[in-house]
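Trainee: quick one, fold the following:
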Amino acid sequence: MVHEIDWPLIGMTVDEAAKALRVDRKTILKAIQDGLPARKVGVGWRIDPEAVKGWLARKPATAEAEDDE
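Mentor: So this is what the prediction gives:
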């Protein structure tokens, strides 16, 4: 059973987002450069979980995903 994660009000860190999406933290940093909504707080980034959901919904499929067919 998958449990819903209750994120803090200030949002997820890069590491938390990477863990939630099961990707490397470098992938999240690249996604921020490519338009994933995030805010710099001190020396780190904070990412709103709802923004991640919206970004994923808008992100087009890549050629790699099409090659898996």
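
Trainee: host element of the closest residue to R25 other than its chain neighbours?
Mentor: Distances taken as Cβ to Cβ, 6 or more residues apart in numbering place A18 nearest to R25, at 4.4 Å, with adjacent residues excluded. (Glycine included, C-beta is placed from N, CA and C.) Assessed by DSSP states H and E, A18 sits inside helix 14-21.

Trainee: what average pLDDT does that helix get?
Mentor: Averaging pLDDT along helix 14-21 yields 93.

Trainee: and that helix, how far from the chain's centre?
Mentor: 6 Å (Cα atoms, centre = their mean, to the nearest Å).

Trainee: what helices or strands is that helix leaning on?
Mentor: In terms of contacts (3 or more Cβ pairs under 8 Å, 6 or more residues apart in numbering; DSSP states H and E), helix 14-21 is packed against helix 25-33, helix 49-58.

Trainee: among those helices, which is nearest V41?
Mentor: Among those, the nearest to V41 by Cβ to Cβ is helix 25-33 (12.8 Å).
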